[in-house]
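Novice: Please work out how this folds:
(one chain, ligands or ions: 1)
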Amino acid sequence: MEKEKIILTGDRPTGRLHIGHYVGSLRGRVELQNTGQYSKLFIFIADAQALTDNMDNPEKVRQNVIEVALDYLACGLDPSRSTIFIQSQIAELCELSFYYMNLVSVSRLQRNPTVKSEIQQRNFEASIPVGFFTYPISQAADITAFRATTVPVGEDQEPMLEQAREIVRRFNHIYGETLVEPDILLPGNAACQRLPGTDGKAKMSKSLGNCIYLSDSADEVQQKIKGMYTDPDHLRVQDPGRVEGNPVFTYLDAFCQPEHFGRYLPDYPNLDELKAHYRRGGLGDVKVKRFLTAILQETLEPIRTRRKAFEQDIPAVYDMLRKGCEAAREAAAATLDDVRRAMKINYFDDAELIAQQAKRFKAE
Ligand code: TRP
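Specialist: Take a look at the predicted model:
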């Protein structure tokens, strides 16, 4: 029998989701959900992981759980087809992490490039919280508790997936074939893997103030694109311009579809021609930005509208999450049963064990 295909992925609730999240993972998840090729999808809000570097700001995490849930629903994740849940409510994940800690060395965690750079960004060098340091282990628990085969995430998560795969192999080697080795699923298009900020900086991040949020109003989107960084040497329209490292073109790479030209910029047949004109000179930033604005508004408008509708019934959103947590907990509990059996810590559901021990002590 072919292995059941199961998707799992999640986001830290430290802010509303932005268009980087959208092209990096969210858009793909919705497509995967709608293909019907996966028997299950688990999509979760990683509040416990968010607390590993926001331990002193629980209110921020709490507020953003509902924001992320609304962003999910707005993008078309459908609770009748995907299990949407909150990480902290699944106690089994803690238990699993605890056992996995025996399978990972401190030096292995220290070598994780994502953790390394995050420690720097957060000025944790002098004093790293243990919970933060070990979050790749907890992430392996997230993935394996649901027997995920496929994890759609951005490329920055590659070291986490590698860590999870190592834990699975080690576990299965020691305790017998129990866990499923997951594969990463990256977005096909390079622009989608790491969308830069509107200021041209390498990453969209709330602290840099360079994000376009999925829930931004049409007006905010327009203003943000208007103020976007472009090629600083492209001063006059007739000057030749640079496309590489120019975020306006990176966003076009991520969002532009062939049909957008017919609708909004019929003078050009495709993106290559538009780029060629910009490079040659004679194409102004304003025109390119207008085109990008039209495309982004077309993409974001239905998301905005759906979000507004879900915002009208917040209790229903919490109810959806609660049901998701219940279903997720059931799935994780089934894996934990297998794990406990494999690790020989299932004392009370093993009649043979008790009979064996009784016999042993009688013989003595
Ligand atoms: N680390 C991910 C992020 O920062 C969130 C996350 C937590 C996750 N656990 C996961 C993603 C498991 C995929 C699978 O966005």
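Novice: What parts of this structure come near the ligand?
Specialist: 8-12, 46, 49, 139, 142-143, 151, 153, 157 (Cβ under 6 Å from any ligand atom). C-beta: built from backbone N, CA, C; applies to glycine.
Novice: hmm, try it at 5 Å
Specialist: Counting by Cβ under 5 Å from any ligand atom, the chain comes close to the ligand at 9-10, 12, 46, 49, 139, 142, 153.
Novice: Would you map the strands across the stretch 51-200 of the chain?
Specialist: Listed in chain order, the strands found in the stretch 51-200 of the chain under DSSP state E, counting those that start in this stretch are 83-86, 150-152, 183-185.
Novice: So which elements touch the longest one?
Specialist: In other words, strand 83-86. Packing partners of strand 83-86 (3 or more Cβ pairs under 8 Å, 6 or more residues apart in numbering; DSSP states H and E): strand 40-45, helix 58-75, helix 314-342.
Novice: Can I get the ones you listed in a markdown table including mean neighbour count and mean pLDDT?
Specialist: Shown next, in a markdown table, are the helices and strands packed on strand 83-86 (neighbours: other Cβ atoms under 10 Å; pLDDT from 0 to 100):
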| stretch | mean neighbour count | mean pLDDT |
| --- | --- | --- |
| strand 40-45 | 25 | 98 |
| helix 58-75 | 19 | 98 |
| helix 314-342 | 16 | 98 |
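Novice: possible to save those as a markdown table with distance to Lys362?
Specialist: A markdown table is the format used below for the helices and strands packed on strand 83-86 (distance: least, Cβ to Cβ, whole Å):
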| stretch | distance to Lys362 |
| --- | --- |
| strand 40-45 | 47 |
| helix 58-75 | 55 |
| helix 314-342 | 26 |
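Novice: domains of the chain?
Specialist: Per automatic domain parsing, the domain ranges recorded for the chain read 6-194+313-355, 218-310.
Novice: Most tightly packed of the ones you listed?
Specialist: domain 6-194+313-355 (a mean of 18; mean count of other Cβ atoms under 10 Å).
Novice: circling back: and the strands of the stretch 51-200 of the chain as TSV, adding mean pLDDT?
Specialist: Formatted as TSV, the strands of the stretch 51-200 of the chain follow (pLDDT from 0 to 100):
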stretch	mean pLDDT
strand 83-86	98
strand 150-152	96
strand 183-185	96
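Novice: circling back: compare the helices and strands packed on strand 83-86 and give me the one nearest Thr230.
Specialist: helix 58-75 (27.9 Å; Cβ to Cβ).
Novice: where's the closest one relative to the chain centroid, distance-wise?
Specialist: When C-alpha coordinates are averaged (Cα atoms, centre = their mean, to the nearest Å), helix 58-75 and its chain have centres 13 Å apart.
Novice: any idea of the angle it forms with helix 314-342?
Specialist: 100 degrees (axes from the mean of the first three to the mean of the last three Cα atoms, to 10 degrees).
Novice: Dump the strands of the stretch 51-200 of the chain to a markdown table, plus distance to Cys256.
Specialist: Shown next, in a markdown table, are the strands of the stretch 51-200 of the chain (distance: least, Cβ to Cβ, whole Å):
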| stretch | distance to Cys256 |
| --- | --- |
| strand 83-86 | 30 |
| strand 150-152 | 22 |
| strand 183-185 | 22 |
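Novice: which residues touch Gln33?
Specialist: 7, 41, 76-78, 81-82 (Cβ atoms under 8 Å, 6 or more residues apart in numbering).
Novice: again, 6 Å this time
Specialist: 41, 81-82 (Cβ atoms under 6 Å, 6 or more residues apart in numbering).
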